[in-house]
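Trainee: Give me coordinates for this.
(2 chains)
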Amino acid sequence: MSDRLAVAKTYKLYLGGKFPRSESGRTYQVRDSRGTFLANAAQASRKDVRDAVVAARKAFGGWSGATAYNRGQVLYRVAELLEGRREQFIAEVAASEGGQAKRAQAVVDAAIDRWVWYAGWTDKIATVLGAANPVAGPYFSFSVPEPTGVVGICAPQSSSLLGLVSVLAPVIASGNTAVLLTSQDRPLPAITLSEVLATSDVPGGVVNILTGRTAELAPWLAAHADVNALDLTGAPKDTIADLEEAAAGTVKRVLAVRGNEPDWTKQPDVSRLRRFLETKTVWHPMGV
Amino acid sequence: MNWEYAPAPESRAIANLKPNYQMFVDGQFVDGGGEPLKSINPATEEVLAEVATANAEDVDRAVKAARRAYDKVWGKMPGAERAKYIFRIARMIAERSRELAVLESLDNGKPIKESRDSDVPIAAAHFFYHAGWADKLDYAGYGPDPKPLGVAGQVIPWNFPLLMAAWKLAPALACGNTVVLKPAETTPLTALVLAEIIRDADLPPGVVNILPGAGDVGATLTTHPGIDKVAFTGSTEVGKLIQRSLAGTGRKLTLELGGKAANIVFDDAPLDQAVEGIVNGIFFNQGHVCCAGSRLLVQESVADEVLEKLRHRVSTLRVGDPLDKNTDVGAINSAEQLAKIRELSASGEEEGAERWTSPCPLPDKGFFFAPTVFSQVSQSMRIAREEIFGPVLSVLTFRTPDEAVAKANNTPYGLSAGIWTDKGSRILWMANKMRAGVVWANTFNRFDPTAPFGGYQESGFGREGGRAGLEAYLDV
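Mentor: Numbers count the residues shown, from 1 in each chain, chains lettered A, B, ... in the order given. Sure, this is the predicted structure:
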């Protein structure tokens, strides 16, 4: 055994590809499932939310304009990096969620596999959800799914990694960019994911990860005019109605999960991909 | 030979206009508890008919009837049987198409050539198309055996009264839902003839209920606790109110709202053809079209030439009697809408845009507005930002494709866009860059039940038509 003192880590936000502290200077204590101190996390502010939306909007053109093949490769590369951090994720999931080591292992494996599953969707979405429209006239008409834009995500509060991956991957796979509020009390796997993303080929700003108080930050996301859609999966239940009301101010698309947090171990379908897509129909006359 | 203009009016008698129209609830035509409204002919300002309206109890009764019909009959009916009912409706609309077209033009003010060639045939096509889906939903891409939602509350606008009813009813019924529909206050008549068709097609009572009334009836309907799904087409302002009122209810909502579409003309476009498209884009249906090409973006090098051709062409448009088969632009739907168009047009002049108005003669009575083109428009002007919903075009210019994209997308709306160019690769590049739900290239204002229609951003969410449109009425 070494008596060396470990280097403790400062946990920060992930914003526009960089790791700033909260502009507010605030932090909050993160504790494990038994209440033991784990770390101080940055407590993001309204200003951080707004900066994150700016970063996400700036990244949208490049990410949505990348080829689906390229997005697939970039996201698959993230899975490779997740695999490399497997032990760290297992430790953090176990600390955050409690339970036995075997369960944490299974959760991390499922999360990596889920990321791979969504990485493979990027270049299939248009085939599955698009269409050639057999219109009654001399026109060629086709419909393609396109990303909605900037998506604000309240990540699940309980499932700190598998749930996180299950909400984030479908949003960015189709070309959206994201501002994600982590699980308030279990943010460590999300912070590690931000380190994975920062060293991957996902351009800065595509995913912005904020730790802090969900109930404090979510209203700013919900009311922000440059956010196009909201995933309220991890929003506190008693705030969903207010968040949906704020979202109506700019006709945001809202995915709200009522009732308990979903069982993330279940194999997903395309519905989470579909929720953050628009259908664009293009017409052109046919003739000689 | 005398080439003087001679009117060719369609006979008003074909509309079978009745002095009174009742609501349609639970398979019966009944009087409503609300104050009856008088639907007027906007071309003459004469009262066409008195129409029953619903009060809150009527809404409740209709929702309960729809629930019973859903639980007992429609929700569990095999899709193949539902399909046959919907096919019947499609056929019966076609059989009564002439009557519906004349009635639509009387009540709405739109030219008979449009109600006859667009509204009514596309309405029939929507029922015909969706009928076929009723027993094929397993193949729609929403997993095996997708379920309906239940009772849908639907509120539709006055610009395409029958067509919007068809867009709403056909997919709802095909997916196995029952419906309470509120037509617009100023244009309830064709929806009530559609109710007759639905009755004559022997649809089980309560599957479709139609309640005329004003906005208060719509609000009562969309917030009624017995409703599982709300579909609204109308202004962004009201759409936001509805979305807000449904916050926290978990009720499925689709919105098809306003627009401020850019119609983009490049210097290599066939200009004569483009001018026809510009005219169709903004003067079709008096510009009462949510996807109207109300912002013309023309490349600077051809701007003068396009404007000259456009003014010449617009000055030949015949404005007047909607029932005259020669009429190009009919009546503005209501005095209220006419006032709004006048107010926004006045703001264009005040803000410094150059106004040109067609010298066409206008009828002495009725709500008419001469086709108007504003040039020297800048992006900050109200006429470049706000939906006018009338025959008023704002012309802006651009130099490069990037500038065209930036200006086109510089709006909170995102319903449609038009592109005019001879270059195929540019069409596809532009179509890709438009943040809009429908992009017409070298054409404009094309609609088809197989082609999904709907907006990005504040133009709403959800689609109507195609496989994508079924999602709005399925529990998926």
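Trainee: all helices for the stretch 51-200 of chain A, in order.
Mentor: Along the stretch 51-200 of chain A, the segments classed as helices by DSSP state H, counting those that start in this stretch run A:68-84, A:86-97, A:101-119, A:125-129, A:162-173, A:188-198.
Trainee: Now residue B:27: closest residue in space that isn't a chain neighbour?
Mentor: Of all residues not flanking residue B:27 in the chain, residue B:205 sits nearest, at 2.7 Å (C-beta to C-beta, 6 or more residues apart in numbering or on different chains). (Each C-beta comes from the backbone N, C-alpha and C, glycine too.)
Trainee: The one you found contacts residue B:69, doesn't it?
Mentor: Yes: between residue B:205 and residue B:69 there is a contact at 6.6 Å, judged by C-beta atoms under 8 Å.
Trainee: Toward the C-terminus from the strand or helix carrying residue B:69, list the very next helix or strand.
Mentor: Under the criterion of DSSP states H and E, residue B:69 resides in helix B:56-72. Where DSSP H and E defines the elements, the next helix or strand beyond helix B:56-72 is helix B:79-95.
Trainee: Centre of the chain to that following helix, how far?
Mentor: Centroid displacement of helix B:79-95 relative to its chain, using C-alpha atoms, centre = their mean, to the nearest Å, is 22 Å.
Trainee: ok, now stretch B:206-220?
Mentor: Centroid separation for stretch B:206-220 versus its chain: 18 Å, with C-alpha atoms, centre = their mean.
Trainee: likewise stretch B:367-375?
Mentor: Relative to the chain's own centre, stretch B:367-375 is displaced by 20 Å; criterion: C-alpha atoms, centre = their mean.
Trainee: before we move on, what about stretch A:88-105?
Mentor: Taking C-alpha atoms, centre = their mean, one finds stretch A:88-105 lying 21 Å from the centre of the chain it belongs to.
Trainee: again, but for stretch B:144-162
Mentor: Taking the mean of its C-alpha atoms, stretch B:144-162 sits 14 Å from the chain's own mean (C-alpha atoms, centre = their mean).
Trainee: okay, it in CSV with CA atoms only?
Mentor: Below are the C-alpha coordinates for stretch B:144-162, written out as CSV (Å, rounded to 0.1, in the frame of the first residue of the first chain):
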residue,chain,number,x,y,z
PRO,B,144,-47.1,-3.8,-34.4
ASP,B,145,-50.7,-2.9,-33.8
PRO,B,146,-50.4,0.8,-32.9
LYS,B,147,-53.4,2.0,-30.8
PRO,B,148,-55.5,5.1,-31.3
LEU,B,149,-55.5,7.8,-28.7
GLY,B,150,-59.2,8.0,-28.0
VAL,B,151,-61.3,11.2,-28.5
ALA,B,152,-59.7,14.0,-30.5
GLY,B,153,-60.7,17.7,-30.1
GLN,B,154,-59.9,19.5,-33.3
VAL,B,155,-60.1,23.2,-34.1
ILE,B,156,-59.7,24.5,-37.7
PRO,B,157,-59.3,27.8,-39.4
TRP,B,158,-61.4,29.7,-41.9
ASN,B,159,-59.0,29.8,-44.9
PHE,B,160,-59.7,26.2,-46.2
PRO,B,161,-62.8,25.3,-44.2
LEU,B,162,-63.7,21.9,-45.8
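Trainee: Give me the buried positions along it.
Mentor: Using 16 or more other C-beta atoms under 10 Å in any protein chain shown as the test for burial, stretch B:144-162 gives B:146, B:148-162.
Trainee: and what of stretch A:245-255?
Mentor: Residues of stretch A:245-255 classed as buried: A:245, A:246, A:247, A:248, A:250, A:251, A:252, A:253, A:254, A:255 (neighbour count, 16+ other C-beta under 10 Å).
Trainee: Now do residue A:148 against residue B:262, distance only.
Mentor: 20 Å (C-beta to C-beta, to the nearest Å).
Trainee: And for residue A:285?
Mentor: Remark: distance between residue A:285 and residue B:262 (C-beta to C-beta) = 19 Å.
Trainee: Give me the more crowded residue out of these two.
Mentor: Each of residue A:285 and residue B:262 has its neighbours counted (other C-beta atoms under 10 Å in any protein chain shown); residue B:262 has more, 27 against 14.
Trainee: Could you chop chain B up by domain?
Mentor: Following automatic domain parsing, chain B resolves into domains at B:12-257+B:456-473, B:262-441.
Trainee: I'd like the ones you listed as CSV, with mean pLDDT appended.
Mentor: CSV is the format used below for these (pLDDT from 0 to 100):
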stretch, mean pLDDT
domain B:12-257+B:456-473, 98
domain B:262-441, 98
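Trainee: quick one: low-confidence parts of chain A?
Mentor: Applying pLDDT under 70 to chain A flags the ranges A:1.
Trainee: 90 instead?
Mentor: Residues of chain A that meet the criterion pLDDT under 90 lie in A:1-3, A:6, A:8-10, A:258-259, A:288.
Trainee: Show me what from it comes close to chain B.
Mentor: Proximity of chain A to chain B, by C-beta under 8 Å from any C-beta of the partner chain, involves residues A:128-129, A:131, A:133-137, A:139, A:141, A:143, A:148-149, A:225, A:228, A:240-245, A:247-251, A:253, A:256, A:258, A:269, A:271, A:274, A:278-285.
Trainee: okay if I get the domains of chain B as a markdown table plus distance to residue A:43?
Mentor: Below are those laid out as a markdown table (distance: least, C-beta to C-beta, whole Å):
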| stretch | distance to residue A:43 |
| --- | --- |
| domain B:12-257+B:456-473 | 27 |
| domain B:262-441 | 32 |
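Trainee: For residue A:153, find the nearest of those.
Mentor: Across the domains of chain B, residue A:153 has its closest neighbour in domain B:12-257+B:456-473 (17.6 Å, C-beta to C-beta).
Trainee: Which of the residues of chain A next to chain B fall in strands?
Mentor: Within the residues of chain A next to chain B, residues falling in strands by DSSP state E are A:131, A:133, A:139, A:141, A:143, A:253, A:278-285.
Trainee: Looking at those residues, state which has the most neighbours.
Mentor: Highest count within these by other C-beta under 10 Å belongs to residue A:281, 30 neighbours.
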